[in-house]
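Student: Mind looking at a prediction? Sequence and model below.
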Amino acid sequence: MSFYRFCLFILIATTSHSLFAQEANSNIYIDTNGQIYVKADAPIYFFVSTNNEPKNKVLIPSSDSLANPMYFDGPGKHYFVYANKGERIRYLILADAKGPKPKVKVEKGLLFGKENRFYVDVDSKISIDAKDDYSGLKQLYYSADGLQFNLYSEAISFNKEGESELKVYAIDNVGNIGDTATFKVIVSPEAIFKIDNIYFETGSARIHNESLDNLAEMLQLMREFPELILEIRAYADARGSSESNKVLSERRAQSVANYLTSKGIEARRLKVKGLGDSNILNDCVKGVPCPDSKHKQNRRVEFKFSLPK
């Protein structure tokens, strides 16, 4: 078990009195105005000296079993009072018991976001900061996708498409470590999101039952961000004529829209677009024999989000 110790030195002079702290210790901090902050749960030893030299310090004697060391009874304002030959000297000490609360800001590439969930474009940048009400922020640390924590120094870039997890914590000037905050960062170019496993039978617009669970993310987003407009883009594989594939893909997009409206999403927030076989993802173009497992990759749905103009 670590035992943290710091000393307060009191300079007693005929014209002025000053309070000094051992700044090398991480549990005590003096700001630019001379205000002293201490870690609320650290043990405290009081010393007196007739000059500024720590080597001349003398432990203040006390018959109180709770003194030297003593502990603050909680965070906030505390006063150290020293009486000498009828003169009382009082010093304010602020005890800090709570670590900083981190926050993030998307500096570049924000599509939309809320609280701890952000949807961003490729090559986005996110900065980190933290608020501390007492001794102030000293350091920030972050971890992306389960990697080790690093000291934060500049905005973090997100370039890889998909979902990332960003964890952040902060330390204040007296050594309090704040809670770790977790943020989700979803990278998608131009706010287009692809959901795998939204399957349809060949030549059908009926969504497979096992695919409905995969629409849960879209349903959650539409509920969480009521200002969003969703364009549903459906595709078909290359089999059949391009004209019939376009009609089929429009029916598939409408099937997804019908499912979302059945769950309470307003129809005015949904747009449907059937793109037929216009964007084949693999080599299964017209005239090329392919197994159904490869054709299935092209029978897909994509979602594009936008905000009202």
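Tutor: Happy to help now that I have it.

Student: Which stretches in the stretch 101-250 of the chain count as strands?
Tutor: All strands of the stretch 101-250 of the chain, identified by DSSP state E, counting those that start in this stretch, fall at 101-114, 117-131, 137-144, 150-151, 156-158, 162-172, 181-187, 192-194, 229-234.

Student: and this structure, what are its domains?
Tutor: Using automatic domain parsing, the domain parsing of the chain gives 6-96, 101-187, 191-306.

Student: would a markdown table of those domains with mean pLDDT and mean neighbour count be doable?
Tutor: The way it works is simple: take the backbone N, C-alpha and C, and place the C-beta from them, glycine included. Listed next are those as a markdown table, based on pLDDT from 0 to 100; neighbours: other C-beta atoms under 10 Å:
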| stretch | mean pLDDT | mean neighbour count |
| --- | --- | --- |
| domain 6-96 | 68 | 14 |
| domain 101-187 | 92 | 17 |
| domain 191-306 | 86 | 16 |
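
Student: after the lengthiest helix in the chain, next one along is what?
Tutor: The longest helix of the chain (DSSP state H) is helix 242-262. Using DSSP states H and E, the helix or strand that follows helix 242-262 in sequence is strand 270-274.

Student: Pull the residues that contact stretch 128-139.
Tutor: 29, 31, 37, 75, 94, 96, 98-105, 140, 142, 151-152, 156, 168, 170-174, 176, 178 (C-beta atoms under 8 Å, 6 or more residues apart in numbering).

Student: chain center to it, what's the gap?
Tutor: 15 Å (C-alpha atoms, centre = their mean, to the nearest Å).

Student: ends of it, how far apart?
Tutor: 11 Å (C-alpha to C-alpha, to the nearest Å).

Student: just use 3 as the starting number from now, easier for me
Tutor: I'll keep to 3 as the first residue from here, and by that count the last item is stretch 130-141.

Student: ok, the nearest residue to Arg241 once chain neighbours are set aside - contacts?
Tutor: With C-beta to C-beta, 6 or more residues apart in numbering as the criterion, Arg241 has its nearest non-adjacent residue at 6.6 Å, and that residue is His297. Residues near His297 by C-beta under 8 Å, 6+ apart: Thr204, Asp239, Ala240, Arg241, Cys286.

Student: Relative to Gln150, how far out is Pro310?
Tutor: 42 Å (C-beta to C-beta, to the nearest Å).

Student: make that Arg271, sorry
Tutor: Using C-beta to C-beta, we find Arg271 at a distance of 42 Å from Gln150.

Student: that older thread, quick one: residues in contact with the longest helix of the chain.
Tutor: 200, 202, 205, 207-209, 214, 217, 220-221, 224, 232, 234-242, 269, 272, 274-280, 301, 303.

Student: what does stretch 191-204 give?
Tutor: 113-114, 121, 123-124, 163, 188, 208-210, 212-213, 216-217, 219-220, 239, 241, 254, 257-258, 294, 297-298, 301-308.

Student: hang on, Asn178 packs against Tyr39?
Tutor: No - when contacts are counted by C-beta atoms under 8 Å, Asn178 is not listed as touching Tyr39 (10.1 Å).

Student: Mind listing the shared neighbours of the two?
Tutor: Common neighbours of Asn178 and Tyr39 (criterion: C-beta under 8 Å, 6+ apart): Asp98, Ser137.

Student: Can you list the strands that the one helix or strand Ile95 maps to pairs with?
Tutor: Per DSSP H and E: Ile95 is located in strand 89-98. Strand pairing for strand 89-98, determined by DSSP bridges: strand 38-41 (parallel), strand 78-86 (antiparallel).

Student: Of the ones you listed, which is nearest Ser129?
Tutor: strand 38-41 (25.8 Å; C-beta to C-beta).

Student: residues making contact with that closest one?
Tutor: Under the criterion C-beta under 8 Å, 6+ apart, residues 6, 8, 10, 21, 23, 29-33, 46, 74, 93-99, 136-137, 175-178 lie in contact with strand 38-41.

Student: Please repeat the previous calculation with a cut-off of 6 Å.
Tutor: The contact list for strand 38-41 (C-beta atoms under 6 Å, 6 or more residues apart in numbering) reads 23, 29-32, 95-98, 136-137, 176-177.

Student: if we can go back for a sec, could you dump the strand holding Ile95 to PDB, C-alpha only?
Tutor: Taking C-alpha atoms only, strand 89-98 is exported to PDB below (Å, rounded to 0.1, in the frame of the first residue of the first chain):
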ATOM      1  CA  GLU A  89      -1.000  36.100  17.500                       C
ATOM      2  CA  ARG A  90      -3.200  33.700  15.400                       C
ATOM      3  CA  ILE A  91      -2.200  32.900  11.800                       C
ATOM      4  CA  ARG A  92      -4.800  31.300   9.600                       C
ATOM      5  CA  TYR A  93      -4.200  29.700   6.200                       C
ATOM      6  CA  LEU A  94      -6.800  28.400   3.700                       C
ATOM      7  CA  ILE A  95      -6.300  25.000   2.300                       C
ATOM      8  CA  LEU A  96      -8.600  23.400  -0.300                       C
ATOM      9  CA  ALA A  97      -8.900  19.700  -0.200                       C
ATOM     10  CA  ASP A  98      -9.700  18.100  -3.500                       C
END
